[in-house]
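Participant: Mind looking at a prediction? Sequence and model below.
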Amino acid sequence: MDHDTSSRSSRTPVTLLGLGDMGTALAHAWLAAGHPLTVWNRTPAKAGALVREGARTAPTPAAAIASATGPVVLCLLDDASVTEVLDGAGLGGKDLVNLTTGTPEQARDLARRSEARGARFLDGGIMAVPPMIGRPETGGYVFYSGDRELFERHRETLEAPAGARFTGTDPGHAALHDVALLSAMTGMFAGIAHAFALVDDEKDLDRTAFAALLTDWLRAMAGSAQGMAAQLESGDYTEGVVSNLAMMAAGNDTLLAAAADQSVDPRLLTPYMDLMRRRVTQGHGAEGLAGTVGLLRGV
Ligand code: FVH
């Protein structure tokens, strides 16, 4: 989508600090949606293509922030780089939107420090990879939390690169949702790696066909998250149980025996299997998996 100068000037200006892979994708999306864009990056050369598309560059983060009349978006490597970039900048009256991945505590601390310097603050957790940005059909979105009024004011602008989901006024909640989903993804990757290791030595096994089976199975099983949520809400961990823990724990012995037969290290699975076994030993074999949540939290 091309936007001429007049349509660009009618949109909210965006200031973007950070032109890594994600920052650059965000920048292209805002330009494509017609937003005037000011960018700053530690390595200035990365702004070249964006300038040719109509972005202007600022010489320093402080200069970029000083000239901002709309949201100031940070998309940097980590919390330490955000602190470094904001150091010495005048934040009074500015609308900061931090899309850098961090922990909930880092987000809360940054909110406190930013607000103490006179800024409004919104934290974000991006649930998308760069090719999904500016392409709503991919389903990418961003969790936001913090200043609700700031979110509503800039909602339309924030939705140009990806969908926007507000998770509450606790500035740590976007990061909490982000890391919870990423943690679940990491566990899933571990399971996928173990499954491929099991079949890896089979010369006549079609890995592409196997991947399709794996994908369908994981998709079908992912629905169990809703059952676990219902059990955690009600406190009755036997509610709606389809596959009970005693049966699953016994089945784990088969999975471990098969791993041994295939010479596969079971280390990615055994920590969770140990929790399942502990819960059964405590007399909860009729439950589903919800009881393992408390074991993880040490309660
Ligand atoms: N890319 C992805 O797939 C994921 C998707 C989900 C969200 N993450 C998070 O987004 C943040 C930025 O990620 P990125 O992909 O843009 O990361 P890089 O390409 O590595 O770019 C890093 C930018 O940060 C700048 N930077 C690093 N350290 C400093 C510093 N001390 N001072 C100032 N800027 C710094 C770096 O500058 P340069 O190397 O180009 O000079 C880049 O602009 C991130 O939190 C992901 O977890 C992405």
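Facilitator: Arrived safely, thanks for sending. Values in this document were obtained by computation on a predicted structure and should not be read as measured data. Numbers count the residues shown, from 1 in each chain.

Participant: State the helix or strand in which the closest residue to the ligand within the stretch 101-250 of the chain lies.
Facilitator: Proximity to the ligand, evaluated over the stretch 101-250 of the chain using CB to the nearest ligand atom, is greatest for residue 101 at 3.4 Å. C-beta: built from backbone N, CA, C; applies to glycine. Using DSSP states H and E, residue 101 falls within no helix or strand.

Participant: The one 4 residues further on now?
Facilitator: With the criterion set as DSSP H and E, the secondary-structure element containing residue 105 is helix 104-116.

Participant: and the top strand by length along the chain, which strands flank it?
Facilitator: In the chain, with assignment by DSSP state E, the single longest strand is strand 120-127. Applying DSSP bridges, strand 120-127 is found paired with strand 95-98 (parallel), strand 141-146 (antiparallel).

Participant: pLDDT averaged over it, what's the number?
Facilitator: Strand 120-127 carries an average pLDDT of 98.

Participant: hmm, that strand touching the ligand?
Facilitator: Yes - Strand 120-127 reaches the ligand (CB under 6 Å from any ligand atom) through residue 126.

Participant: Measure how buried the residue of the stretch 101-250 of the chain closest to the ligand is and give me the count.
Facilitator: 20 (other CB atoms under 10 Å).

Participant: now swap in residue 199 and tell me
Facilitator: Neighbours of residue 199 under the rule other CB under 10 Å: 14.

Participant: Please name the residues that touch it.
Facilitator: Going by CB atoms under 8 Å, 6 or more residues apart in numbering, residue 199 touches 205, 207, 210.

Participant: mind running it again at 7 Å?
Facilitator: By CB atoms under 7 Å, 6 or more residues apart in numbering, the contact list for residue 199 reads 205, 210.

Participant: quick one, phi psi at it?
Facilitator: Backbone torsions of residue 199, given as degrees, to the nearest 10, read phi -100, psi 0.

Participant: how close does it get to residue 272?
Facilitator: Distance from residue 199 to residue 272, counting by CB to CB, to the nearest Å: 21 Å.

Participant: still on that earlier bit, pLDDT averaged over the helix holding residue 105 - what is it?
Facilitator: For helix 104-116, the mean per-residue pLDDT is 98.

Participant: ok and that helix relative to strand 120-127, angle-wise?
Facilitator: Between helix 104-116 and strand 120-127, the angle comes out at 150 degrees (axes from the mean of the first three to the mean of the last three CA atoms, to 10 degrees).

Participant: Enumerate the positions of helix 104-116 that are buried.
Facilitator: 104, 106-111, 114-115 (16 or more other CB atoms under 10 Å).

Participant: for stretch 218-232, same thing?
Facilitator: If you call a residue buried by 16+ other CB under 10 Å, then stretch 218-232 has these buried ones: 227-228, 231.

Participant: likewise stretch 80-91?
Facilitator: Of all the residues in stretch 80-91, those buried under the rule 16+ other CB under 10 Å are 81-82, 85-86, 89, 91.

Participant: Please tabulate the residues you listed in JSON lines, including the columns pLDDT and secondary structure.
Facilitator: Below are these laid out as JSON lines (pLDDT from 0 to 100; DSSP: H, G, I helix; E, B strand; the rest coil):
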{"residue": "81", "pLDDT": "98", "secondary structure": "helix"}
{"residue": "82", "pLDDT": "98", "secondary structure": "helix"}
{"residue": "85", "pLDDT": "98", "secondary structure": "helix"}
{"residue": "86", "pLDDT": "98", "secondary structure": "helix"}
{"residue": "89", "pLDDT": "98", "secondary structure": "coil"}
{"residue": "91", "pLDDT": "98", "secondary structure": "coil"}
